[in-house]
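Visitor: Test case, fold it:
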Amino acid sequence: MKRKNGIKILILTIVLVLIVGGGISGKVNGRKERHKYIGLFSKVYYLIEKNYIKEVKTKDLIYGALKGMMATLDPHSQFMDPETYKEMQIETEGKFEGLGISIWIRDGQLTIVSPIEGTPAYEAGIQAGDKIVEIDGESTKDITLQDAVKKMRGPRGTSVTLTIEREGIDEPLEFTIVRGVIIVKSIPYSFLTEEKIGCIRIREFKKQASEDLEEALGELEKGGMEGLILDLRNNHGGLLNEAVEICDKFLPKKKLIVSTQGRVSSQSLRYLSSEAPHPDYPLVILINKGSASASEIVAGAIQDYKRGTIIGEKSFGKGTVQSVLALEDGSGLRLTTAHYLTPKGRNIDEKGIEPDIKVELPTLPKIASKIASKGYFRGFSQRYLLTHPDVNKEFRVRIAALDEFSSFLKEKKFDLEEKEWKEGLPEIKKQLRIAIIRQGLGEKVAYQITRDEDPQFQKAVEVIKEELSKKALAQAVK
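Guide: Alright, predicted model coming up:
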């Protein structure tokens, strides 16, 4: 397998520093034409410097030109000034201050790839696929990713208002979100169900994700795990090498996991499995429209070899590799350098991975979305726990709690329409229960107690049980 120590190819918002011999270069036009347009650039720079109404700093002109140059390539390529480049490096360490969302430009619109579990954006009800049309009242039309990140990133305790367009809801939703400290763990939790089916939540493919997975698998296998669910929903990507190492744990040796194809030969690589895989127990991977990049590499490889079943919704469709190159003044370039292909040669960019079994989640009722957009589920749960600290896994939202919540909403001057309230009541009770348990007992417990109401998870359990039954029957026939 071709792996290079020190090379980290980061896909989506998490990027890789790729060491390329001699740098990234290529003759797009002839030398004469290139010199002609470089001369034109120099002339325009000279005219601005000499004639513009006020003095302009050279750095500002050059940085502006570089940003414009990168914007002509594709939505993923970008020039990062020193401040932005430093923020990107901090983010790759897994701790930063902001909202906790991954964003992208899709079809000319600023789009949520996925919210990160447990972050302010997630708690507020931001969903994968949401279109951000305004940030603090300013239109996002023609906004760059760099400018969008700058507007939304900020110190904890400060707030930002996002105006969202969501499929299935006619009018825009307004979310006012208080920024917080974002700490991202690749694997926040894993557990074994009563049926001996393991579940591992992989939130992001950060450094050491494969080592964390190995540890989680070891614990579950010791507990007698008979089947495995890997939950990659709302996982927006990460390190290519980690995705390869994770596939390695389930595929036989010397199998192609993923390949990359670029214009420069050094960008065309093949990654083969090399480790002895874990036992051949039934495997299901859950994906949705927030699953992107490295998540799609894992899902694509498992699907191509029929090693497991892919369940959920079509993934995001991010099939390009961005390399990040540091520049001498502390700035950096994020440059699209290759496509990645699944083992069968599928380029899933803009197409995504189609699940083997499609299971869609219902859209939240309008009133539940409005309540979530104001952060009121989370806000009430914090208040509720002050007077009801004995909340446990069996907690249910009864009439008394609903009355308290209704009073809370009225106190916040939330417009309660009786018809909407009654129609949305089942979902309101569900979201309130999740918020209170998550706040009181943590993400893992909230996931465990709500899995019975999760149709994608339940389908995964059903598929694994069917496979186990077939295996048992085959062994009995022998």
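Visitor: is it true that residue 459 lies in a helix?
Guide: Yes. Inclusion of residue 459 in a helix is indicated when DSSP: H, G, I helix; E, B strand; the rest coil is applied.
Visitor: That one is in contact with residue 359, isn't it?
Guide: Yes. Using Cβ atoms under 8 Å, residue 459 is in contact with residue 359, at 5.0 Å. (Glycine included, C-beta is placed from N, CA and C.)
Visitor: what is in contact with the two at once?
Guide: residue 311 (Cβ atoms under 8 Å, 6 or more residues apart in numbering).
Visitor: ranges for the helices of the stretch 1-150 of the chain?
Guide: Ranges of helices in the stretch 1-150 of the chain, per DSSP state H, counting those that start in this stretch, are 31-51, 58-71, 82-92, 120-124, 145-152.
Visitor: among those helices, which is nearest residue 214?
Guide: Distances from residue 214 to each of these were compared using Cβ to Cβ; the shortest belongs to helix 82-92, at 21.5 Å.
Visitor: now the angle between helix 58-71 and the closest one, please.
Guide: When axes from the mean of the first three to the mean of the last three Cα atoms, to 10 degrees is applied, the directions of helix 82-92 and helix 58-71 differ by 50 degrees.
Visitor: elements contacting helix 82-92?
Guide: In terms of contact count using 3 or more Cβ pairs under 8 Å, 6 or more residues apart in numbering; DSSP states H and E, helix 82-92 is assigned the packing partners helix 145-152, strand 332-341.
Visitor: Including mean pLDDT, could the ones you listed go into TSV?
Guide: As requested, the helices and strands packed on helix 82-92 are exported to TSV (pLDDT from 0 to 100):
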stretch	mean pLDDT
helix 145-152	86
strand 332-341	94
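Visitor: Among the ones you listed, single out whichever gets nearest to residue 211.
Guide: Evaluated over the helices and strands packed on helix 82-92, closeness to residue 211 peaks at strand 332-341, with 22.5 Å, by Cβ to Cβ.
Visitor: Please identify the buried residues of the closest one?
Guide: Neighbour counts over strand 332-341 (16 or more other Cβ atoms under 10 Å) mark 332-341 as buried.
Visitor: Checking the closest residue to residue 225 other than its chain neighbours next. Helix, strand or coil?
Guide: In this structure, residue 225 finds its nearest non-sequential neighbour in residue 198, 4.1 Å apart by Cβ to Cβ, 6 or more residues apart in numbering. When states are read from three-state DSSP, the local structure at residue 198 comes out as strand.
Visitor: For residue 198, list the residues it contacts.
Guide: Taking Cβ under 8 Å, 6+ apart, we find residue 198 in contact with 190-192, 217, 220, 223, 225, 227-229.
Visitor: what about 6 Å?
Guide: By Cβ atoms under 6 Å, 6 or more residues apart in numbering, the contact set of residue 198 is 192, 220, 225, 228.
Visitor: now this protein, which segments are flagged as low pLDDT?
Guide: Counting by pLDDT under 70, the chain contains low-confidence ranges at 1-29, 90-95, 478.
Visitor: How is it partitioned into domains?
Guide: 95-183, 366-453 (automatic domain parsing).
Visitor: Out of those domains, which is closest to residue 40?
Guide: Closest among those, using Cβ to Cβ: domain 95-183, at 23.7 Å.
Visitor: That closest one: how far from the chain's middle?
Guide: Relative to its parent chain, domain 95-183 has a centroid offset of 13 Å by Cα atoms, centre = their mean, to the nearest Å.
Visitor: what does stretch 339-358 give?
Guide: Here the centre of mass of C-alpha atoms in stretch 339-358, compared against the chain's by Cα atoms, centre = their mean, lies 17 Å away.
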